[in-house]
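>>> A structural model of the following input is requested.
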Amino acid sequence: MAFLRAFELVCQYLEVEPIVPLFFRIFKLQRQPSKDGRHGWVSLKQQVKLFKMFVDSV
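Here you go, the predicted model:
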């Protein structure tokens with residue numbers, strides 16, 4: 001569950017409390033159904049950009 005630890009570290013860096021509503025504000029659950037109707041993969045997709053990319057340094 002590295003994504004949870006990464007979320008905690010980003011919150012610590014930004015000096016905000018890592019709460020569940022904030023987590024789901026940033027990340028969206030994506031469900032991938034399997035072909036046989038059972039539960040498939042569940043993944044997280046980032047909805048909100050937390051940092052601006054420095055184009056000059058890329």
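
>>> Name the SS class of the residue of the chain positioned farthest from its centre, please.
Centroid-distance maximum for the chain: D36 at 27.9 Å, with C-alpha atoms, centre = their mean. For D36, the assignment made with DSSP: H, G, I helix; E, B strand; the rest coil gives coil.

>>> Can you show me the helices along this protein?
Remark: helices assigned in the chain by DSSP state H are 2-14, 20-26.

>>> Quickly note the distance from V48 to F7.
For V48, the distance to F7 equals 12 Å [C-beta to C-beta, to the nearest Å]. C-betas here are computed from N, CA, C, even on glycine.

>>> Pull up the overlap in contacts between these two.
Between them, V48 and F7 share the neighbouring residues I26, with contact defined by C-beta atoms under 8 Å, 6 or more residues apart in numbering.

>>> Who has more neighbours out of these two?
Regarding V48 and F7, a neighbour count based on other C-beta atoms under 10 Å identifies F7 as having more, with 18 against 9.
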